[in-house]
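S.K.: Predicted structure and sequence below. I'll ask about it afterward.
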Protein chains: 2
Amino acid sequence: MVNVAILGFGVVGSGAAEVLTDNRRVIEKNLGETVAVKRILDLRDFPDSPFGPLVTHDFNDILNDPDITIVAEMMGGSHPAYDFTKACLEAGKSVVTSNKEVVANFGAELLELAAKNGARYLFEASVGGGIPIIRPMVNDLASNEILSVNGILNGTTNYILTKMLDEGADYADVLKDAQQKGYAERNPAADVEGLDAARKIVILAALSFGKLLNPNQIYCEGITKITAEDAETAKAFGCSVKLIGHTELMDGKVLAMVSPRMVPCSNPLAGVADVFNGILVDANMLGECMFYGKGAGKLPTASAVVADIIDIVAHRGKTERAPKFAVATESDYADMSAYATKRCFSFENTDGAAAKIKAVFGDVETVTVGNRIAFISEAMTEAQAEQKAAEVGLNLISRIRML
Amino acid sequence: MVNVAILGFGVVGSGAAEVLTDNRRVIEKNLGETVAVKRILDLRDFPDSPFGPLVTHDFNDILNDPDITIVAEMMGGSHPAYDFTKACLEAGKSVVTSNKEVVANFGAELLELAAKNGARYLFEASVGGGIPIIRPMVNDLASNEILSVNGILNGTTNYILTKMLDEGADYADVLKDAQQKGYAERNPAADVEGLDAARKIVILAALSFGKLLNPNQIYCEGITKITAEDAETAKAFGCSVKLIGHTELMDGKVLAMVSPRMVPCSNPLAGVADVFNGILVDANMLGECMFYGKGAGKLPTASAVVADIIDIVAHRGKTERAPKFAVATESDYADMSAYATKRCFSFENTDGAAAKIKAVFGDVETVTVGNRIAFISEAMTEAQAEQKAAEVGLNLISRIRML
């Protein structure tokens, strides 16, 4: 029997206990061993939970228990999650986590620490919730060079954008609805401003290109400025609007960014609706492949945490190949200002607007939506986009990158 | 350095050599070792290929070479592929394969043989071409009970059906076009009659439920009877038509089947177009997740073969958890006649047709397409569907299962 400890008995933590219990039989069948929760660390007590008796408020009860060889950290936040993870790894205990904040901020150091101590640090649940993505990138795509990753990495914003597109509703109204349904938190900033997606794309960039960027240092634009008219404009061009985490190499440096994008319906990400996530990986031999599923939620995310536990048990006592990435230095960051994309421009549709647009942008196809005239430009940098938009001499309403 | 041999230097076999060569640097980086092709078995010579000097016509040159510890079988067909695989495994060499025919027919025996001889038998490329699906099912979904799998598993038929839907073209015309483009073989039977998909769903069923059914013994209906009008009818109901491999447990027995299905646009499989494959797995904790990508083609498929080689090298000398499944006995097969689905019925639209339909099927919504009247029924078995269709007293044009 393998004993694990759970750090943080919130949504995902209690989900992991539930998966280990309710799926005990299938896990035993697949693994040939029993995995049991021995201890749970939380500040609270859970007198009504069957797991209540396992709760401790003292991390040392877990750290100093030699029976516990695997610790599942699902506390959220950087501290004390990082500190506890470090202590566990230093003690030779393997750690699995759903905590993207810790992985994005300290993943390089923690992976190194794990390797040094004969332990493992796995984080399948930190990106895409329950969707298998980290392990497939490390194992199945090991024969490929990764060219780019584009991901719908945040369920909350995807729910909001899907509703805006389907119902022509306004951002503020849909946000309220999402909050009522529990899809968005009362303080939705980390989701709607893009930081959650930034942490995840930084993790995927590290797996792809070996450098862990600082999620606070990459270009990050949320969805708060997207309007119902933007959504309608996207539709007019046969597109969805999605919050996309994007990473690629530019001149050997890593570009990682988060921004709203118009996604043509022919792209499989366009159909990823509601709270689902989709991650499209472009690899040099395989071409494009997509991983799709529930990017959040108690049991889906917990099932990925438990998959990591199973991985560790299955390879106990063996050295497993682990992803390796270094903390990025200034020179690893690509020059965002050189990054060119097509854009959908929307200008106020006043007299002669079409002619003014074509004088600057060439013979683009324009559509009118409400009081705006919109078109899709050729690929250009942010500076070029800004300059050209100014040249038109019309009121710019919005400018959204294409995927 | 690890030496591998390639059996069969056709499309995928030469692709594997190409992946190992062109991606040598990324493979070395990920693996920390060099993998080189030492020998290639083929009946032909390849004087113009850089790999020409490695070709042998004698399998014993590979079998008896102690340097060769991994053999990649990409010959296709059951024999001699099965026999060579068996010989390699008995000699303690690990085998990776893209050969779904061998896996579907002999996978249980070969996995057992591998385990007995301290070797491994991996077959990531046998389903979904380059898409990671086998390893994710074995590893990432090990914390889940699989409830069902629905897959678009054959690129040729998906290309044909996509064209029929998009262009209103007839099956025969699109098949000809697909043959000209190299997407369909001159003898397309294995694809269009569904046998290729049957082999793949049988493999996925074995991974899901532990029993390897005989692909020739499961219900298998191809796409040859689908007409342009069927495609138009599907569109009228907001559906695509797809050839779907389906597996689930019914009363503890395994149902696996292949048939055309109407797939509502809200289902992520509906958007899987052209030669792409998509595999939708429903798991008890994770819910639905989909794996999407290039289900065929030289380099994508080869990249999965090489991923298996990397897996073996990374775990050399270690015992790895492997899928285990038994050859199904008669009592493992679910009773197909008890399987109920909704169906789209199309009848000849003669006078009073709608009333006659509603008298038998209740208040269904009908649409008319050309000379037909169509509707979607409640879930029913094949026998019920046949009986009810007869009761209507109209000419039945087609009857297609819904997903």
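M.R.: Received, thanks.

S.K.: How about the residues of the stretch 1-150 of chain A by chain B?
M.R.: Taking Cβ under 8 Å from any Cβ of the partner chain as the contact definition, the stretch 1-150 of chain A meets chain B at A:19, A:22-23, A:26-27, A:30-32, A:124, A:130-132, A:135-136, A:139-145. The way it works is simple: take the backbone N, C-alpha and C, and place the C-beta from them, glycine included.

S.K.: ChimeraX command for the buried members of the residues you listed?
M.R.: Taking 16 or more other Cβ atoms under 10 Å in any protein chain shown as the burial criterion, the selection of buried members of the residues of the stretch 1-150 of chain A next to chain B in ChimeraX is written as:
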select /A:19,23,26,27,30,31,124,130,131,132,135,136,139,140,141,142,143,144,145
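
S.K.: Out of the residues of the stretch 1-150 of chain A next to chain B, list just those in strands.
M.R.: Among the residues of the stretch 1-150 of chain A next to chain B, the subset assigned to strands under DSSP state E is empty.

S.K.: Any residues of the stretch 151-300 of chain A in contact with chain B? List them.
M.R.: Residues of the stretch 151-300 of chain A lying close to chain B (Cβ under 8 Å from any Cβ) are A:266, A:268, A:270-273, A:283-294, A:297, A:299-300.

S.K.: How many residues are close by residue A:315?
M.R.: Residue crowding around residue A:315 was assessed by other Cβ atoms under 10 Å in any protein chain shown; the count is 18.

S.K.: any idea how far residue A:308 is from it?
M.R.: Counting by Cβ to Cβ, to the nearest Å, the gap from residue A:315 to residue A:308 is 11 Å.

S.K.: Can I get the helix or strand that contains residue A:312 in CSV, CA atoms only?
M.R.: If you go by DSSP states H and E, residue A:312 is part of helix A:298-314. In CSV, the C-alpha atoms belonging to helix A:298-314 read as follows (Å, rounded to 0.1, in the frame of the first residue of the first chain):
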residue,chain,number,x,y,z
LYS,A,298,-13.2,19.3,-9.0
LEU,A,299,-13.1,15.7,-10.4
PRO,A,300,-11.5,16.3,-13.8
THR,A,301,-8.6,18.2,-12.3
ALA,A,302,-8.4,15.7,-9.4
SER,A,303,-8.2,12.8,-11.8
ALA,A,304,-5.1,14.3,-13.4
VAL,A,305,-3.5,14.7,-9.9
VAL,A,306,-4.2,11.1,-9.2
ALA,A,307,-2.8,10.1,-12.7
ASP,A,308,0.4,11.7,-11.5
ILE,A,309,0.3,9.8,-8.3
ILE,A,310,-0.1,6.6,-10.3
ASP,A,311,2.8,7.5,-12.5
ILE,A,312,5.0,7.9,-9.4
VAL,A,313,3.9,4.7,-7.8
ALA,A,314,4.4,2.8,-11.1
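
S.K.: How is chain A divided into domains?
M.R.: As assigned by automatic domain parsing, chain A contains the domains A:2-132+A:298-324, A:135-294+A:331-336, A:340-402.

S.K.: For residue B:353, which of those domains is the nearest?
M.R.: The closest approach between residue B:353 and any of the domains of chain A, judged by Cβ to Cβ, belongs to domain A:135-294+A:331-336 at 34.2 Å.

S.K.: Could you work out the end-to-end span of that closest one for me?
M.R.: With Cα to Cα, to the nearest Å as the measure, domain A:135-294+A:331-336 spans 29 Å from end to end.

S.K.: Stretch A:386-403 near chain B at all?
M.R.: No - when contact is scored as Cβ under 8 Å from any Cβ, no part of stretch A:386-403 falls within range of chain B; the minimum is 15.3 Å.

S.K.: Name the residues of that stretch that are buried.
M.R.: Along stretch A:386-403, the positions that meet the burial threshold by neighbour count (16+ other Cβ under 10 Å) are A:388, A:389, A:392, A:394, A:397, A:398, A:399, A:400, A:401, A:402, A:403.

S.K.: Taking the residues you listed, tell me the two that lie furthest apart.
M.R.: Largest separation among the buried residues of stretch A:386-403 by Cβ to Cβ: A:394 and A:403, giving 25.2 Å.

S.K.: excluding its backbone neighbours, what's nearest residue A:150?
M.R.: residue A:280 (4.8 Å; Cβ to Cβ, 6 or more residues apart in numbering or on different chains).

S.K.: what about the helix or strand encompassing the one you found, distance to the chain center?
M.R.: In this assignment (DSSP H and E), residue A:280 forms part of strand A:276-283. In this view, strand A:276-283 has its centroid 10 Å away from the chain centroid, taken as Cα atoms, centre = their mean, to the nearest Å.

S.K.: can I assume residue A:16 is in contact with residue A:74?
M.R.: Yes - counting by Cβ atoms under 8 Å, residue A:16 sits close enough to residue A:74 to count as a contact (6.5 Å).

S.K.: re the thing from before, tabulate the buried residues of stretch A:386-403 in CSV, adding columns for pLDDT.
M.R.: What follows is the buried residues of stretch A:386-403, written out as CSV (pLDDT from 0 to 100):
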residue, pLDDT
A:388, 97
A:389, 97
A:392, 97
A:394, 97
A:397, 98
A:398, 97
A:399, 97
A:400, 98
A:401, 98
A:402, 98
A:403, 97
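
S.K.: Present the residues you listed as TSV; the columns should include distance to residue A:49 and secondary structure.
M.R.: Compiled in TSV, these are given as follows (distance: Cβ to Cβ, whole Å; DSSP: H, G, I helix; E, B strand; the rest coil):
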residue	distance to residue A:49	secondary structure
A:388	60	helix
A:389	57	helix
A:392	61	helix
A:394	61	coil
A:397	52	strand
A:398	48	strand
A:399	50	strand
A:400	46	strand
A:401	46	strand
A:402	48	strand
A:403	44	coil
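
S.K.: wait, which of those is closest to chain B?
M.R.: For the buried residues of stretch A:386-403, the closest approach to chain B (Cβ to the nearest Cβ) belongs to residue A:403, at 15.3 Å.

S.K.: What's the separation between the closest residue to residue A:50 other than its chain neighbours and residue A:34?
M.R.: The shortest distance from residue A:50 to any non-neighbouring residue, by Cβ to Cβ, 6+ apart, is to residue A:21 (8.0 Å). Applying Cβ to Cβ, the value for residue A:21 to residue A:34 is 11 Å.

S.K.: What of residue A:60?
M.R.: In this structure, residue A:60 lies at 26 Å from residue A:34, with Cβ to Cβ as the measure.

S.K.: shared neighbours of residue A:16 and residue A:74, which are they?
M.R.: In the contact map built from Cβ atoms under 8 Å, 6 or more residues apart in numbering or on different chains, the residues linked to both residue A:16 and residue A:74 are A:6, A:305.

S.K.: These two: which has the busier surroundings?
M.R.: When residue A:16 and residue A:74 are compared for neighbours, residue A:16 comes out ahead with 33 against 25, by other Cβ under 10 Å.

S.K.: Buried residues, the helix or strand containing that one. List them.
M.R.: Residue A:16 belongs to helix A:11-22 when elements are defined using DSSP H and E. Buried residues in helix A:11-22, defined by neighbour count with 16+ other Cβ under 10 Å: A:11, A:12, A:13, A:14, A:15, A:16, A:17, A:18, A:19, A:20.

S.K.: With stretch A:261-270 instead?
M.R.: Buried positions in stretch A:261-270, judged by neighbour count with 16+ other Cβ under 10 Å: A:261, A:262, A:263, A:264, A:267, A:268, A:269, A:270.

S.K.: Read off the pLDDT value for the last one.
M.R.: Which is residue A:270. Here, the pLDDT recorded for residue A:270 equals 95.

S.K.: Assumed it was part of a strand.
M.R.: No - with the criterion set as DSSP: H, G, I helix; E, B strand; the rest coil, the secondary structure at residue A:270 is helix rather than a strand.

S.K.: wouldn't it be in contact with residue A:278 here?
M.R.: No - taking contact to mean Cβ under 8 Å, the distance of 9.3 Å between residue A:270 and residue A:278 leaves them out of contact.

S.K.: thinking again about what came up before, right, and the helix or strand after the helix holding residue A:312?
M.R.: Under the assignment DSSP H and E, the closest C-terminal helix or strand after helix A:298-314 is strand A:326-327.
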